[in-house]
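1. Sequence plus predicted model, see below.
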Amino acid sequence: MEKKKCLECLDPFVGRVDKKFCSDGCRNSYNNKINKDGKNLIRNINNRLRKNWRILEELNPKGKGTVSKKKLDMKGFDFNYITEVYTTKAGKVYYFCYDQGYSVLENDLYMLVRKD
């Protein structure tokens, strides 16, 4: 077999024709270096979405209910992070964070819903 050089450590190794790294450690290290620029942004967005989902799930144990904006704010809900906007035929807009959603009512109240 022909010796190739590891893309990470540049050490020669023997292996399959399509093998690029001498070990799992080198493969992980190489991919971490390549992906590090976007990792923090994506991690932060996913953390905010996860936090929003947990808040909605906690405040909506029955699958439907209402909550005040003040309560959502106190829990740390961030209205800028959602995964989907759904508009009904009647024009009612629902904002979803995965399967947990809300719709704006009047007097700083929100209707909470869960997709089944």
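-> Thanks, I have it.

2. what's the longest helix in the chain?
-> helix 24-59 (DSSP state H).

3. what does the average pLDDT come to for that one?
-> Averaged across helix 24-59, pLDDT comes to 90.

4. Secondary structure class of residue 103, three-state.
-> Counting by DSSP: H, G, I helix; E, B strand; the rest coil, the backbone at residue 103 sits in strand.

5. residues contacting residue 51?
-> Residues near residue 51 by Cβ atoms under 8 Å, 6 or more residues apart in numbering: 76, 77, 78. For every residue, glycine as well, the C-beta is placed using N, CA and C.

6. List the buried residues in the helix or strand following the longest helix of the chain.
-> Next helix or strand after helix 24-59 toward the C-terminus (DSSP states H and E): strand 64-68. For strand 64-68, a neighbour-count test (16 or more other Cβ atoms under 10 Å) marks residue 67 as buried.

7. Ok, stretch 64-83 next?
-> Residues of stretch 64-83 classed as buried: 67, 72, 77, 81, 82 (neighbour count, 16+ other Cβ under 10 Å).

8. before we move on, the earlier item: what's the offset of the longest helix of the chain from the middle of its chain?
-> 7 Å (Cα atoms, centre = their mean, to the nearest Å).

9. now that helix against strand 64-68, angle please.
-> 90 degrees (axes from the mean of the first three to the mean of the last three Cα atoms, to 10 degrees).
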